[in-house]
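Asks: Need a 3D model of the sequence below.
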Amino acid sequence: MTRQLQPGPSGPGPVSRLLSWIGPLSLQQGLLFVGVLLLFAFLGQNTAESMHRMGLTPGFAFLSHQANFEIGESVLPYAAGDSYARALAAGIANTVKVALVGCLLATVLGVALGIFRLSGNLLLATFAHGYVELLRNTPLLLQLFLWSAIIRALPPPRGAYTFLGSVYLSNRGVFLPSLSVDGLPASVWLPAVLLTVFAALVISRRLLAGATFYLPKTAGTVLGALAIFYFALVSLGFSASVEVPAKGGFNIRGGLSLTPEFAALLIGLVVNASASISEIVRSGIQSVASGQWEAARALGLKPAQIMRLVVLPQALRVITPLMISSFLDLTKNSSLAVAIGYPDLVSVANTTANTTGQALEAIIIIGVVYLTISLAVSALMNLYNRRVVLRGEGKR
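Replies: Residues are numbered from 1 along each chain as shown. Down below sits the predicted model:
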């Protein structure tokens, strides 16, 4: 069967499509665009001439030079004498570390506070309301100064506050139990654990749909994945152990140690971001129709089951897009770490600019890194949002 061509005009040509994309006043827009380019060219030329007069060479060649300054703490190995590129990479790693841990903890705390805000318990609801109002109406920088002062006012290691015999709070930081794998650094085995758990969750959703568990399906899958990973390590000759901190001499040894600067920054970011996230969670829960609650109660579900199985999955369609902004805000607010001495990207870039004079290049690096992190977080959250979005809503 041959297709018959219908008479009539063909579609718009490339010129027409280009003009429709540009919109009205195309000539004026083109002139404005050219003017903006000329302005940037003029400013760039003046900046280059000013740098030449000061004996500076524009560009990023300084990144291969030796950086003669120390960094207090770093995820990546770094020592004075390494290149400026290595120093900036250490600052980026520190920023990513506090952003990832902060987003995770702020989500857990924010969801709990959002549920407390709607609780029938007057004490919990009042506490959550006061918490949100206090933190959302005071500057984050002030909160960071407060947490930094609180941590530095803690007793020395010999008189450190102890919880459950394994958690220590002192003016030298926070000490927690840690998991260690002999022969492997945490940068190797920790991503492997996360990938194993993620793969197990994806596979279980497809293969174990509708199966009955004595434990919640997610918890059972995570425990099973961790058990498989542990036996795989043992079979390969590695051994895993839990290291508990203990007082030794004039300090606390062993376990996971959080420096006062990192602990103050992390607590400040988490506490501040959780207030905003709690309001997002509260609005998402309240967006679920009351009929859903009544239907769940009619089926005999308990309040915790109603929240976990019925309400929160529907509320995620409202919560997820707004959570993207909260995560981005937390990531960008980590740049305030320079005020309390934590060596994040901004702090290291400032030191680099002061020692090399390449201030413009340092600012460009900061902007590009934060733009990349923000776009990556947005892309990941948008992928998740597409999975939970309500589809076919317009076909009614």
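Asks: Verify the stated contact: residue 284 with residue 319.
Replies: Yes - between residue 284 and residue 319 there is a contact at 3.9 Å, judged by C-beta atoms under 8 Å. Where you see a C-beta, it was placed from the backbone N, CA and C, and this is true even at glycine.
Asks: And the longest helix anywhere in the chain, what's buried?
Replies: Longest helix of the chain, by residue count under DSSP state H: helix 84-117. For helix 84-117, a neighbour-count test (16 or more other C-beta atoms under 10 Å) marks 84-99, 102-103, 105-107, 109-117 as buried.
Asks: Which elements pack onto the following helix or strand past it?
Replies: Counting by DSSP states H and E, the element after helix 84-117 in chain order, helix or strand, is helix 122-136. In this structure, helix 122-136 makes packing contacts with helix 84-117, helix 260-286, judged by 3 or more C-beta pairs under 8 Å, 6 or more residues apart in numbering; DSSP states H and E.
Asks: List the buried residues in the helix or strand just after the last one.
Replies: Think helix 260-286. Towards the C-terminus, the helix or strand next in line after helix 260-286, according to DSSP H and E, is helix 290-298. Applying a neighbour-count criterion of 16+ other C-beta under 10 Å, one finds 293, 296 buried in helix 290-298.
Asks: for stretch 373-389, the distance to its chain's centre please.
Replies: Put simply, stretch 373-389 sits 12 Å off its chain's centre (C-alpha atoms, centre = their mean, to the nearest Å).
Asks: cool, stretch 69-79 as well?
Replies: 22 Å.
Asks: Straight-line length of that stretch, end to end?
Replies: End-to-end span of stretch 69-79 (C-alpha to C-alpha, to the nearest Å): 8 Å.
Asks: Could I get the contacting residues of the closest residue to residue 99 other than its chain neighbours?
Replies: With C-beta to C-beta, 6 or more residues apart in numbering as the measure, residue 331 is the residue that lies nearest to residue 99, at 4.4 Å, once sequence neighbours are left out. Taking C-beta atoms under 8 Å, 6 or more residues apart in numbering as the definition of contact, the neighbours of residue 331 are 95, 99, 103, 370, 373, 374, 377.
Asks: at 10 Å what do you get?
Replies: Residues in contact with residue 331 (C-beta atoms under 10 Å, 6 or more residues apart in numbering) are 95-96, 98-100, 102-103, 269, 273, 370, 373-374, 376-377.
Asks: Nearest to residue 29, out of those: which one, please.
Replies: Nearest to residue 29 among the contacts of residue 331, counting by C-beta to C-beta, is residue 374 at 27.6 Å.
Asks: Helix or strand for that closest one, just tell me which one.
Replies: Using DSSP H and E, residue 374 sits in helix 359-388.
Asks: Next, the angle from that helix to helix 84-117.
Replies: With axes from the mean of the first three to the mean of the last three C-alpha atoms, to 10 degrees as the basis, helix 359-388 and helix 84-117 are set at 40 degrees to each other.
Asks: Tell me the helices and strands packed up against helix 359-388.
Replies: Based on contacts counted as 3 or more C-beta pairs under 10 Å, 6 or more residues apart in numbering; DSSP states H and E, the elements that helix 359-388 packs against are helix 26-53, helix 84-117, helix 312-333, helix 345-356.
Asks: pLDDT on that helix, on average?
Replies: In this model, helix 359-388 has a mean pLDDT of 84.
Asks: Mind listing what's buried along it?
Replies: Buried residues in helix 359-388, defined by neighbour count with 16+ other C-beta under 10 Å: 360, 361, 362, 365, 366, 369, 370, 373, 374, 377, 381, 385.
Asks: about what we covered before: shared neighbours, residue 284 and residue 319?
Replies: Residues touching both residue 284 and residue 319 (C-beta under 10 Å, 6+ apart): 111, 114, 312.
Asks: got the contact list for the spatially closest residue to the second one that is not a sequence neighbour?
Replies: Leaving out its chain neighbours, the residue that sits closest to residue 114 by C-beta to C-beta, 6+ apart is residue 281, at 2.8 Å. Residues in contact with residue 281 (C-beta under 10 Å, 6+ apart) are 107, 110-118, 274, 312, 315-316, 318-319, 322-323.
Asks: same thing but at 6 Å, please
Replies: 111, 114, 319 (C-beta atoms under 6 Å, 6 or more residues apart in numbering).
Asks: And for residue 275?
Replies: With C-beta under 6 Å, 6+ apart as the criterion, the residues that contact residue 275 are 132, 135, 136.
Asks: Okay, residue 102 and residue 133: tell me how far apart.
Replies: 22 Å (C-beta to C-beta, to the nearest Å).
Asks: and residue 176, what are its phi and psi?
Replies: Backbone dihedrals for residue 176, given as degrees, to the nearest 10, come out at phi -130, psi 160.
Asks: give me the number of residues near the residue nearest to it when sequence neighbours are not counted?
Replies: For residue 176, ignoring the flanking residues on the chain, the nearest one in space by C-beta to C-beta, 6+ apart is residue 256 at 4.6 Å. Neighbour count for residue 256, taken as other C-beta atoms under 10 Å: 15.
Asks: Same question for the one 5 residues further on.
Replies: The local packing of residue 261 (other C-beta under 10 Å) involves 21 other residues.
Asks: Surely it is in contact with residue 344?
Replies: No - the pair formed by residue 261 and residue 344 falls short of the contact definition of C-beta atoms under 6 Å, at 9.6 Å.
Asks: quick one: contacts for residue 288?
Replies: Taking C-beta under 6 Å, 6+ apart as the criterion, residue 288 is in contact with 311, 314, 315.
Asks: any chance of the residues you listed in a markdown table, plus neighbour count, distance to residue 78 and pLDDT?
Replies: Formatted as a markdown table, the entries for the contacts of residue 288 read as follows, by neighbours: other C-beta atoms under 10 Å; distance: C-beta to C-beta, whole Å; pLDDT from 0 to 100:
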| residue | neighbour count | distance to residue 78 | pLDDT |
| --- | --- | --- | --- |
| 311 | 22 | 47 | 84 |
| 314 | 17 | 47 | 83 |
| 315 | 22 | 43 | 84 |
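Asks: ok, these vs residue 294, which is closest?
Replies: residue 311 (11.9 Å).
Asks: quick one: the closest residue in space to that closest one that isn't next to it in sequence and residue 296, what's the gap?
Replies: Computed as C-beta to C-beta, 6+ apart, the closest residue to residue 311 that is not its neighbour in sequence is residue 288, at 5.1 Å. Here the criterion is C-beta to C-beta. By it, residue 288 lies 10 Å from residue 296.
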